[in-house]
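K.L.:
I'd like to go over a predicted model; first the sequence, then the structure.
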There are 2 protein chains.
Amino acid sequence: MLNGADAAFLDGLRGQGIEVVAPEPRYLEEPRGRWPGRAAAVARPRDTAEVAAVLRAASAARVGIVPYGGGTGLVGGQVMGAGEGALILSLERMNAVRAIDPQSLVIEAGATLEAVHEAAASVGRRFPLTIGSQGTAQIGGCLSTNAGGVNVIRYGTARALCLGLEAVLADGTVWNGLTRLRKDNTGYDLRDLLIGAEGTLGIVTAAALRLFEPPAVEGSAFFTVPSPAAAVELLSLAQGRFAGCVSMFELISGQGLAFLRQTGPEVRFPFAEDPAWMVLIELGLPAGMDVEEAFAGLYEAAGDLVTDAVVAQSAAQMAEFWFLRETIPVANRRIGAISSHDISVPVAEIPRFIDEAGRMLHAMGDMRINCFGHVGDGNLHYNVFPAAGRRREAYDMAAVKHAVHDLVVSGFNGSVSAEHGIGRLKVGDLERYADRAKMAMMRALKAALDPEGILNPGAVLA
Amino acid sequence: MLNGADAAFLDGLRGQGIEVVAPEPRYLEEPRGRWPGRAAAVARPRDTAEVAAVLRAASAARVGIVPYGGGTGLVGGQVMGAGEGALILSLERMNAVRAIDPQSLVIEAGATLEAVHEAAASVGRRFPLTIGSQGTAQIGGCLSTNAGGVNVIRYGTARALCLGLEAVLADGTVWNGLTRLRKDNTGYDLRDLLIGAEGTLGIVTAAALRLFEPPAVEGSAFFTVPSPAAAVELLSLAQGRFAGCVSMFELISGQGLAFLRQTGPEVRFPFAEDPAWMVLIELGLPAGMDVEEAFAGLYEAAGDLVTDAVVAQSAAQMAEFWFLRETIPVANRRIGAISSHDISVPVAEIPRFIDEAGRMLHAMGDMRINCFGHVGDGNLHYNVFPAAGRRREAYDMAAVKHAVHDLVVSGFNGSVSAEHGIGRLKVGDLERYADRAKMAMMRALKAALDPEGILNPGAVLA
């Protein structure tokens, strides 16, 4: 059992010069409003040595630590509802750029993702991780949750974009793994182990990130497609033609467009009549290519895979296209889902999954499905809504969730959390679906690196 | 202490139907001839269940297991010289393709890398991992050592090319992590932990690999450059112009060319007069581009960064260019190095490293340096040779090695094993140079997953 962070404990931290404050409400909330967090206090260290001091003290006193980044996570990894006495550890004051060169950026964990983008831009480079919450999300949290987003198809998840880490372990030891190397085969991959561990194996305090030259030519287009199967074939065609220069390939459904029209966010619709399915494609091409010609060539080669297309004519229109895609979750929230899923299946299986899941759900009741997302990653945001005019409470929400997850896992060897992580929301799902050997290994690793269980208690592992 | 695999132990395996044979010499050798291996026998299981049975038995009897792939590793990870009684575990009979689709290939660990390439080609795709020993190296070994090679600049190391693993743990438990998902944030990254662990944390029995559409247009060229600094600038220019479509960017030195001429492998030299430095660039471009025009545009944009260039006029000439690069290590072996280094530094630091290392070594004595390799990865094969007419035994070989490694680590925060791994050769280097917290974490992970220490004893960790 863990102990509460009592007054003596907190005074001990203050005595070492560490800022410790009462938890404002923002530290105790999460975007979905499912968990009201509880905590004794918030520690806001100003450097890695102070983080180490906090963890040394917490380890000695067996006090639970809840690491807090920007607070934008969707699975409750940042709020602990149980217990009274945990200490929130916020790295918001640690946001300095430590070093930058054209290939890499060393930055502290508390910097927002937007600040990372700005630092990259200051040397004419790009950090390609792009998510809706980037103005608030912090890079430490992005790494700890192995964030994904729309550019994974080309650049990979957060894990692929990180060269090195500095982290503080449960006992307060500082691991300096802050190398800026592309290749380093000296021992186990501790970096990738901490990335995605959601603060349960160590606290990321700084990272060395890969920077990329922006593509010479960029553009985007909507292509309407007759089916998800056509979208997957079109993707394959595009990858072959453009030699991997597809930066984004997002599926959008007619249901999603209908929700946008119904809930009324100010979106410009690309086609007079909404298609059943369309894709948003972004290309980032070599110098000398013409993006409009590139899209025209793809359209022609695609034959029956495509029924209509519109190419952005300016950077402003590219932003407009992107805004439509980005606003779909807003419309979803206004409609109110029975169940929302962040799932992945093998890319080739997307059409069969959409088909089978749809048939299954329609057999369960009258529901609407808004399925959209990252086709190139096999990652769908598969959201289920009540029929028009009905309330979601009229449905067995848990049954819908389990049916979709069961199908994903049993029918497709897929994942019930493609990019959001486990947090506290999906601890039960992990238990239910994970391979037994995987769970045993995870528990063994947790016990090896955090024997007292002080790091983000209750997240990932029960 | 581990026990030997005695007759009773081996009979127990045979009693379960597992093929157990005496160790032929090929299982006890490694390419550098440094370690004569010793072993009681070789087990050649035919499926994962038999691998599990071997490990269950070895775990119960505390018998050391030496996993053996193609035997091409350069750091002695595949041969154990100490002790008499270890059991070699070869997965050569497990080489089946279990499943293939245009995005992924599920194949058993004993398949050669060449067989993986052929399977990918059979569905019109490519598996981009390319190393000199691919006809012999097995995919299980490539993953266990996180193999690199010449296409890392574009596609990443083996780790980036693997979607999922099946592995058998020390106690015989089978982990089925053989998913074909691009994104899966359900828990700790066990895949990347086993990849690169050199068989010390588990035995990889099968893998799901990413396949790629071959680029529509491909070509290669030699560009001569006045200095390594110009090579690094040229790389950055090429990455920006070609939107990441640079598939290979290899530095070659005049010393390397001189060795090729001297030792006489049948290589065609691209320039009448050998340059001090040149780079081999391969591009894989979108449809519609002309590779010759692309190289011409790069040449023009490069200005003073480039002094001459020759573009391959055919696939046969591309192969010829590649053969020159590939033959450099052959020439090196014929000359006989004082010390060979597989090091990495941040890409931007390559010029300073080459400069400082050269000055340091020339201050130590009259030596020749052949430095070549993967500029885009910051990975140099930095090899030191005697002056013409002198024998390598005339030099303090250990002092040279230590001086180079010390400079890499202290001066550049670099790696003393960029792509070859630790094996048994570099256990001392790891001890000497690794961060203390890293070593402690690695030992904790090893103890957690292989408490008896039966998996590849003496490799990676002493």
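P.N.:
Cool, the structure landed.
K.L.:
the nearest residue to residue A:254 once chain neighbours are set aside: how many residues sit nearby?
P.N.:
In space, and not counting its chain neighbours, residue A:254 is closest to residue A:276: 4.4 Å by Cβ to Cβ, 6 or more residues apart in numbering or on different chains. For every residue, glycine as well, the C-beta is placed using N, CA and C. Neighbours of residue A:276 under the rule other Cβ atoms under 10 Å in any protein chain shown: 14.
K.L.:
with the one 4 residues further on instead?
P.N.:
Residue A:280 is flanked by 23 other residues according to other Cβ under 10 Å.
K.L.:
can you check residue A:262 too?
P.N.:
Residue A:262: 11 neighbours (other Cβ under 10 Å).
K.L.:
likewise residue A:227?
P.N.:
14.
K.L.:
apart from its neighbours in sequence, what residue is nearest it?
P.N.:
Per Cβ to Cβ, 6+ apart, closest to residue A:227 is residue A:277, 6.3 Å.
K.L.:
bridged to that neighbour, which residues?
P.N.:
residue A:225, residue A:253 (DSSP bridges).
K.L.:
for the closest residue to residue A:444 other than its chain neighbours, give its distance to residue B:198.
P.N.:
Distance criterion Cβ to Cβ, 6+ apart; nearest residue to residue A:444, sequence neighbours excluded, is residue B:448 at 4.2 Å. Using Cβ to Cβ, to the nearest Å, residue B:448 is found at 17 Å from residue B:198.
K.L.:
between those two, which one's more packed in?
P.N.:
More neighbours surround residue B:198 than the other of residue B:448 and residue B:198, with 28 against 17 (other Cβ under 10 Å).
K.L.:
so the more buried one makes contact with residue B:425?
P.N.:
No. Contact status for residue B:198 versus residue B:425: not in contact, 11.4 Å apart, counting by Cβ atoms under 8 Å.
K.L.:
need phi/psi at the residue nearest to residue A:254.
P.N.:
Dihedral angles of residue A:276 (phi, psi; degrees, to the nearest 10) stand at phi -70, psi -40.
K.L.:
same question, the one 3 residues further on
P.N.:
Dihedral pair for residue A:279: phi -120, psi 150, per degrees, to the nearest 10.
K.L.:
residue A:65 now?
P.N.:
phi -120, psi 130.
K.L.:
what count of nearby residues applies to it?
P.N.:
The burial count for residue A:65: 26, using other Cβ under 10 Å.
K.L.:
quick one, what contacts it?
P.N.:
Neighbour list for residue A:65: A:54, A:55, A:58, A:86, A:87, A:88, A:89, A:199, A:203, A:454, A:455, A:456 [criterion: Cβ atoms under 8 Å, 6 or more residues apart in numbering or on different chains].
K.L.:
if we use 6 Å, what do you get?
P.N.:
A:58, A:87, A:89, A:454, A:455 (Cβ atoms under 6 Å, 6 or more residues apart in numbering or on different chains).
K.L.:
please apply the same query to residue A:28.
P.N.:
So residue A:28 contacts residue A:37 (Cβ under 6 Å, 6+ apart).
K.L.:
got the end-to-end distance for stretch A:59-68?
P.N.:
18 Å (Cα to Cα, to the nearest Å).
K.L.:
gap between it and the chain center?
P.N.:
Centroid separation between stretch A:59-68 and its chain, computed with Cα atoms, centre = their mean, to the nearest Å, is 25 Å.
K.L.:
do stretch A:126-135 as well
P.N.:
Using Cα atoms, centre = their mean, the offset of stretch A:126-135 from its chain centre is 10 Å.
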